[in-house]
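Student: I would like to see how this sequence folds:
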Amino acid sequence: MPPKKVTIAPGQASIQAFFHKPTAQIAAQPTPLLDIQAPTAPPVDPKVAAFMASLTPSERIAHKIAVEKLGTSYDITRTHGFVRWSART
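Tutor: Model (predicted):
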């Protein structure tokens, strides 16, 4: 398919040059590499780790649902279960 003819104002030569590049030249341009690092998990409080180990399978499922639904607003240290557990220990 032949390229479309585009009329461009005289001051926009760079845009005109881009649109008239052959497809091979556009594909041959190197793509910039992004420096993306994997997010690291925050350090786990030993009390939270001990509490999670003490949960039953159904409580773990409830915890997983709460994390999914509430996202970043979920704080395990403020849950009723954790508060009761920490009062006993």
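Student: and the gap between Ala53 and Gly71?
Tutor: 24 Å (Cβ to Cβ, to the nearest Å). C-beta here means a position set from N, CA and C on the backbone, and glycine is covered the same way.
Student: should've said Ser58
Tutor: For Ser58, the distance to Gly71 - Cβ to Cβ - is 22 Å.
Student: what do you get for Phe51?
Tutor: Separation of Phe51 from Gly71 (Cβ to Cβ) stands at 20 Å.
Student: which one's more surrounded, these two?
Tutor: Neighbour count, other Cβ atoms under 10 Å: between Phe51 and Gly71, Phe51 has more, with 20 against 8.
Student: wait, what's in contact with that one?
Tutor: With contacts defined as Cβ atoms under 8 Å, 6 or more residues apart in numbering, the neighbours of Phe51 are 76, 81-82, 85-86.
Student: ok, longest helix in this structure?
Tutor: helix 57-70 (DSSP state H).
Student: now the angle from the next helix or strand after it to helix 57-70?
Tutor: Scanning forward in sequence from helix 57-70 by DSSP states H and E, the next helix or strand is helix 80-88. Orientation check (axes from the mean of the first three to the mean of the last three Cα atoms, to 10 degrees): helix 80-88 against helix 57-70 gives 120 degrees.
Student: check which helices and strands helix 80-88 sits against.
Tutor: Packing partners of helix 80-88 (3 or more Cβ pairs under 8 Å, 6 or more residues apart in numbering; DSSP states H and E): helix 46-53.
Student: if we go to 10 Å?
Tutor: Here helix 80-88 touches helix 46-53, helix 57-70, going by 3 or more Cβ pairs under 10 Å, 6 or more residues apart in numbering; DSSP states H and E.
Student: now do the longest one, average pLDDT.
Tutor: Read that as helix 57-70. Helix 57-70 carries an average pLDDT of 93.
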